[in-house]
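1. sequence first, predicted model second:
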Amino acid sequence: MSRLASVRFDVPVTPDSGQAQRWVVQELSKSEYRSAQPTWFDRASKAFWDWLQSLRIDGGAGVQAPILIVALIIVVAAVVAAFFIFGAPRLNRRSAGAGILFGDDDARDAAAMRRSAEALAAKSQWVRAIEEMFRSIARGLAERTLVTVSPGTTAKDFAARAGVVLPAFSERLSAAASAFDDVRYLSRDGTEAAYRDADSLEYDLRTVRFAGQANALGSR
């Protein structure tokens, strides 16, 4: 009897509502129950899925319509994000021949290079003048899509490929490439004669009309 009396007073069999609520709170506060509760990611995922399930298009086939809508929203969001990150696209940002040219990132067109060469020649700065005139030759042919120039193209390689497209100028192109290599890589003195030869070649290539201009050769 004493044992039963102890159970009756220590653990009420029929607790009132307040006592029962306290027991529930105490029980759920234990660590094993807290670890079983859904995380913020679980709740966010459920909310997203509930929203996804709520999307419908009249006449749609089940869940396919919501998926299409979500895909469209994602695409639009990506476009908007790209617009703010990269800005509006600019058409014709560079001409067809612009880019890396004989080791330098040079966005100038052939005309700008030619003017630079002429200005340097007027000051008898033959080394730079030869370099600029040969660059103008290469950029001019690239702009006319006769020969392409890739980042790895050397002056000799360019002259050889241009000579295939324009066999009448093959020897002069090779001589101009040699003059370019001499002043740029071998630290040799440029001469007025070498510049004049390159200047004359540039003029002839720029003014002559080629019958049925070939497509640009593949870059190397």
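-> Cool, got the structure. Numbering: from 1, shown residues only.

2. ok, which stretches of the chain are strands?
-> In the chain, the strands defined using DSSP state E lie at 99-101, 104-106.

3. which stretches of the protein have low pLDDT?
-> 1-42, 44-45, 48-72, 75-76, 78-98, 210-220 (pLDDT under 70).

4. once you drop chain neighbours, what's closest to R188?
-> D182 (4.2 Å; C-beta to C-beta, 6 or more residues apart in numbering). Heads up, the C-betas are built off the backbone N, CA and C, glycines and all.

5. next one: A160
-> The nearest residue in space to A160 (C-beta to C-beta, 6+ apart) is S174, at 7.5 Å.

6. F158 now?
-> F158 sits nearest to A138 (C-beta to C-beta, 6+ apart), 5.5 Å away.

7. check contacts around that neighbour.
-> 101-102, 147, 149, 155, 158 (C-beta atoms under 8 Å, 6 or more residues apart in numbering).

8. repeat that with 7 Å
-> 101, 149, 158 (C-beta atoms under 7 Å, 6 or more residues apart in numbering).

9. what do you get for M113?
-> 132, 135-136, 139 are the contacts of M113 under C-beta under 7 Å, 6+ apart.

10. before we move on, back to that, do you know how far the residue nearest to R188 is from L166?
-> 22 Å (C-beta to C-beta, to the nearest Å).

11. please apply the same query to S187.
-> In terms of C-beta to C-beta, S187 sits 30 Å off from L166.

12. looking at these two, which is more packed in?
-> Neighbour comparison, S187 and L166: the larger count goes to L166, with 19 against 8 (by other C-beta atoms under 10 Å).

13. distance of the more buried one relative to R114?
-> 18 Å.

14. please apply the same query to R209.
-> Taking C-beta to C-beta as the measure, R209 falls 19 Å from R114.

15. ok, how many other residues are close to D157?
-> 16.

16. how near is it to G99?
-> From D157 to G99 the distance is 16 Å (C-beta to C-beta).

17. now A110
-> Plainly put, A110 is 13 Å away from G99 if you go by C-beta to C-beta.

18. more neighbours: these two, which one.
-> Using other C-beta under 10 Å as the criterion, A110 and G99 rank with A110 on top: 22 against 17.

19. quick check, that one in contact with L141.
-> No. Assessed by C-beta atoms under 7 Å, A110 is found out of contact with L141, at 8.4 Å.

20. before we move on, the earlier item: nearest to A162, of the strands of the chain?
-> strand 99-101 (13.7 Å; C-beta to C-beta).

21. contacts for the closest one?
-> 135, 138-139, 149, 151.

22. looking at R209 and R114, which one has more neighbours?
-> Neighbours were counted for R209 and for R114 using other C-beta under 10 Å; R114 has more, 22 against 5.
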